[in-house]
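Visitor: could you work out the structure for the sequence below:
(4 chains)
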Number of protein chains: 4
Amino acid sequence: MPPEPVTATLLISCRDQKGLVAAVSDFLYRHGGNITHADQHTDQEEGVFLQRVEWMLDGFAIGRGEIAGAFEPIARRFGMDWSLRFSDYVPRVALMVSKLAHCLYDILARWHMGEFRAEIPLVISNHDDARAIVAGFGVPYHHVPVDAAGKAGAERRIRALLEDANADLVVMARYMQILSDDLIRAYPHRIINIHHSFLPAFAGARPYHQAHERGVKIIGATAHYATAELDQGPIIEQDVARVSHRDAVDDLVRKGRDLEKVVLARAVDLHLRNRIVVYGNKTVVFD
Amino acid sequence: MPPEPVTATLLISCRDQKGLVAAVSDFLYRHGGNITHADQHTDQEEGVFLQRVEWMLDGFAIGRGEIAGAFEPIARRFGMDWSLRFSDYVPRVALMVSKLAHCLYDILARWHMGEFRAEIPLVISNHDDARAIVAGFGVPYHHVPVDAAGKAGAERRIRALLEDANADLVVMARYMQILSDDLIRAYPHRIINIHHSFLPAFAGARPYHQAHERGVKIIGATAHYATAELDQGPIIEQDVARVSHRDAVDDLVRKGRDLEKVVLARAVDLHLRNRIVVYGNKTVVFD
Amino acid sequence: MPPEPVTATLLISCRDQKGLVAAVSDFLYRHGGNITHADQHTDQEEGVFLQRVEWMLDGFAIGRGEIAGAFEPIARRFGMDWSLRFSDYVPRVALMVSKLAHCLYDILARWHMGEFRAEIPLVISNHDDARAIVAGFGVPYHHVPVDAAGKAGAERRIRALLEDANADLVVMARYMQILSDDLIRAYPHRIINIHHSFLPAFAGARPYHQAHERGVKIIGATAHYATAELDQGPIIEQDVARVSHRDAVDDLVRKGRDLEKVVLARAVDLHLRNRIVVYGNKTVVFD
Amino acid sequence: MPPEPVTATLLISCRDQKGLVAAVSDFLYRHGGNITHADQHTDQEEGVFLQRVEWMLDGFAIGRGEIAGAFEPIARRFGMDWSLRFSDYVPRVALMVSKLAHCLYDILARWHMGEFRAEIPLVISNHDDARAIVAGFGVPYHHVPVDAAGKAGAERRIRALLEDANADLVVMARYMQILSDDLIRAYPHRIINIHHSFLPAFAGARPYHQAHERGVKIIGATAHYATAELDQGPIIEQDVARVSHRDAVDDLVRKGRDLEKVVLARAVDLHLRNRIVVYGNKTVVFD
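Guide: Residues are numbered from 1 along each chain as shown, chains lettered A, B, ... in the order given. From the prediction side, this is the model:
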């Protein structure tokens, strides 16, 4: 395959106003931008406009280093929150895991097959179990045990590891320790967590036990950006599977693993492809 | 088509013990019963055994009037909760509706096409809107307005209507008034309600608004047996549909209608075909 | 609720070229158009660009009668196939049905509840069975029997009925007769058919029998625009349901009905809301 | 966790006759068998009866070596095809793969986490690409290149490897070479293949290209037992995913991988837990 052409992507949110779409497409058109993806959404209730537009750098009249400066006046005029991404930037993704490694192995296998455009500089775990397999994928493994006494110390070490690795994104692939508000705030909308229930049902501990207890006929999994409030962050992706009275808690756990893997992988993929804009406590997913 | 052969169905729940299955199938075999459906479930945690077995009356050595008496000793030996149903019994189903009649029309159309083996002796509504269409299906319509002053009076009238109709089953097809505990207890596991969310998420009022507010990516509907605690009864059936940021509350309402219709219809169908055993606050659905 | 504001919608397809998006949004912006929905798609392989853009007439500087003329130069410049629709136009939908009326009743009930913005001037059937219920919805019913001898005559009568009714859209709601090429060509991409399988699997007659024979674990339904080649037209919508060895052909038929209803209703809804562009033998669905 | 108690499982198919269920449950009851799972199915059209019954060896009066002999007279009386399995037998599973290793990695990861009760004595591939990762899981890797000249030779080598490994089950985890009839017949209903379409749609080569060409709105994957006729064997499991006009062939391939993984894994799991009975060209899945 020939190399993918490099694109630039603008992610925009602002107060809804007339002329927004025209202003952005004018800007791109005037400078010879060939748009490969454009999508927008207006939240009528909140009066918020959100847009994603992606175009080829090849043939674009403005050099990549000058695009932000050239767009700035438009952004200022409309009062935009915005960011600019280039498709050849390779994000650095840190993976965190506890004992259950199905999501970890799934992400590593996808990454190994080229499904994610990313580097994975490290895996952090409060257990040592997954070390051998992770080594097979050629990724450094850091065992940071967490105990009541040393919780603060463990977090300091985790934070140092993430900073040393220049992590752009942290993926909690069934990492079962609660991160401090402080650490979460250091990575705003850059920590993705997978919760093993269909949120907001069964937030908190042991969701499959809760689901079994309630006798639901469908279980779910939810990927969301971690925020200070546990299991309350903006939802990125959810999926569900049918269960029946035949399924004991262990069966829910087993069936749920397939949900968790695919829901987390989709959320990571959407994030890495710059498809998500967060506004308020919600996401807009431009897929 | 030739008439369906008449069958008898035993629904059994009891403490799990050895020899249960053999005892029941022996009983049927000895008397020439040709089993057309048999299914069972053991809840290992609770130590509860549940069974459904259906066989043809044709060729069975015991007359239908004597089956219960002949089975009684086996039931006593194992301490069974049990019931016996005949497939040629035509249950009487009362429908209740408020303003939104999609579930009502759906059930009436299915019934008209022969999907449910049932009589529908009446529709009760706190509004008069659906009268004309219901008349088209040839079903009597009773308008029982409910206002704060007359809530008790309305319930008395509803109860009288249900009793006069000899209702075996009451289907709350988006009936938006809360029934009294007293009325609910008069129809144990015989009132099916449809709640327009994926319970236990978004119980109570305005679930689509709650779902939109939370930014979920999937909505649901839940059919359950009404109990004294609102939206807490045993779940019979659930289903879900994918939504996105593009869906305003009105879109959730519209997409949800399709869920509500099909989930309620499946629950009614399972109930009418004697496929459900309730135990604790859960259902076992022998489909 | 206040009346919905009136919008205009452009549906465009043409050879992919630079500046398309900018030209259209410029046109709307310059004349004060407030865009409420804009979506586009580029088929990279075929080099085809497709767009849907919807904006409010209120505040737009060009009168509704002059919009087409004002847009024409842009359309000519880019060689566009295009059409212009107004949201206050009420399309006229003719329904056709044979014996199985579940899709018919479902569409009538949705229409009655205001789900479709449309008039339904008539139902045509080769059987007389559904007359009473259709009358309940206040829609004229035309019984046009079809027999080998009189197939041509029946079609002439159907065609006359559709023309007299000024039908914009014909919905074959399980109408089991094959229409002539001639009639189909008279309504290009304006006849929606529901096929009771997951096309292209099980095209032709008795798809549920075919599915049962093959032992599939999932059944489907497909709504498509009728073309001269049976079951080969552009697919609008599909959905599926899980089945098992327990399901006899009759069960597949019963489960399939729920698929057929919802898939056909979604296709009709998408068509009526001007969400579909056909290109080649495919549809682009701007939902 | 304590060790799972050892169970015996009977898988039975025969002509439908009265007394079958009673005879089997009598046999188990008389000898003190505690049934943990029993399910049956009667294909009314074909007049075929199929049953699965599983019971605890602990407390059963017949030693495991004598069960088959003790059951033989019952089997003979009813003309049963039957097999007897013990839950502590650990099946030997050979994995085969070509270039695309997502299914292979998924199965290895599940196996590593204890999801499958099986040994994996070897992986066979016509490419050498997956060697390093497979080594990480501690499984021997055999590279058996296939070229036109040496196809027969390659098959001889594959066959020898399977025989040396005493393979009970062969899983074609996206192995893209066609096996000879001879090899397939040597493993009747013991070779599971994953086809990357919703069979019978898009059998044969390049199914995602076929699906894209046809413009379907849903794609699928199918796990089936390999038979001499390509893609025509008994279907074990299928699943589907929604796609849209936005999805190019590459996107179908990517989305399809998630289907292939989960569908193949479910089929392997059902096979290993003795949940499948094949009859004619269909499966009965006692889940």
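Visitor: which stretches of chain A form helices?
Guide: Ranges of helices within chain A are A:20-30, A:67-78, A:102-112, A:131-136, A:151-164, A:181-186, A:207-214, A:249-272, based on DSSP state H.
Visitor: so A:Ala132 sits against D:Gly136, correct?
Guide: Yes - counting by CB atoms under 8 Å, A:Ala132 touches D:Gly136, with 7.1 Å between them. Every C-beta, even on glycine, is put in place using the N, C-alpha and C of the backbone.
Visitor: quick check: closest non-adjacent residue to A:Glu260.
Guide: What sits nearest to A:Glu260 in space, not counting adjacent residues and going by CB to CB, 6 or more residues apart in numbering or on different chains, is A:Ala221, at 4.6 Å.
Visitor: can you report how many residues lie near A:Lys99?
Guide: For A:Lys99, the count of nearby residues is 11 (other CB atoms under 10 Å in any protein chain shown).
Visitor: separation between it and D:Ile124?
Guide: 32 Å (CB to CB, to the nearest Å).
Visitor: contact residues of the stretch 1-150 of chain A facing chain C?
Guide: Selection of the stretch 1-150 of chain A residues close to chain C by CB under 8 Å from any CB of the partner chain yields A:18-19, A:21-23, A:25-26, A:28-30, A:32, A:34-36, A:38-40, A:42.
Visitor: show the pLDDT at whichever residue of the stretch 1-150 of chain A sits closest to chain D.
Guide: For the stretch 1-150 of chain A, the residue closest to chain D is A:Gly136, as judged by CB to the nearest CB, at 2.4 Å. pLDDT, A:Gly136: 84.
Visitor: for the residue in the stretch 101-250 of chain A that chain B sits nearest to, what are its contacts?
Guide: Nearest residue of the stretch 101-250 of chain A to chain B: A:Gly215, at 3.4 Å (CB to the nearest CB). Residues in contact with A:Gly215 (CB atoms under 8 Å, 6 or more residues apart in numbering or on different chains) are A:His245, B:Pro234, B:Ile235, B:Gly280, B:Asn281, B:Lys282, B:Thr283.
Visitor: wouldn't the fifth one be in contact with B:Pro234 here?
Guide: By that I understand B:Asn281. Yes - look at B:Asn281 against B:Pro234 with CB under 8 Å: they come within range, at 5.3 Å.
Visitor: what do the two both touch?
Guide: Any residue near both B:Asn281 and B:Pro234 by CB under 8 Å, 6+ apart counts here, and that gives A:Gly215, B:Thr227.
Visitor: looking at the two, which one has more neighbours?
Guide: B:Pro234 (20 against 16).
Visitor: got the phi/psi numbers for the more buried one?
Guide: Main-chain dihedrals, B:Pro234, degrees, to the nearest 10: phi -60, psi 130.
Visitor: tell me how far it lies from chain A.
Guide: As judged by CB to the nearest CB, to the nearest Å, B:Pro234 and chain A stand 6 Å apart.
Visitor: dump the residue contacts of that residue.
Guide: Contacts of B:Pro234 by CB under 8 Å, 6+ apart are A:Gly215, B:His189, B:His224, B:Tyr225, B:Thr227, B:Val278, B:Gly280, B:Asn281, B:Lys282, B:Thr283.
Visitor: now rank those residues by neighbours and give me the top one.
Guide: Counting neighbours by other CB under 10 Å, B:Thr283 comes out on top of the contacts of B:Pro234 with 28 neighbours.
Visitor: ok, and the closest non-adjacent residue to that one?
Guide: Nearest residue to B:Thr283, sequence neighbours excluded (CB to CB, 6+ apart): B:Pro234, at 4.8 Å.
Visitor: and the one you found, how close does it get to chain C?
Guide: 23 Å.
Visitor: please report how far that residue lies from A:Gly79.
Guide: B:Pro234 is 52 Å from A:Gly79, by CB to CB.
Visitor: quick revisit: list only buried entries from the residues of the stretch 1-150 of chain A next to chain C.
Guide: Neighbour counting with 16 or more other CB atoms under 10 Å in any protein chain shown marks A:19, A:21-23, A:25-26, A:28-29, A:34-35, A:38-40, A:42 as buried within the residues of the stretch 1-150 of chain A next to chain C.
Visitor: of all pairs in the residues you listed, which one spans the longest distance?
Guide: Using CB to CB, the two most remote members of those are A:Asn34 and A:Thr42, lying 25.1 Å apart.
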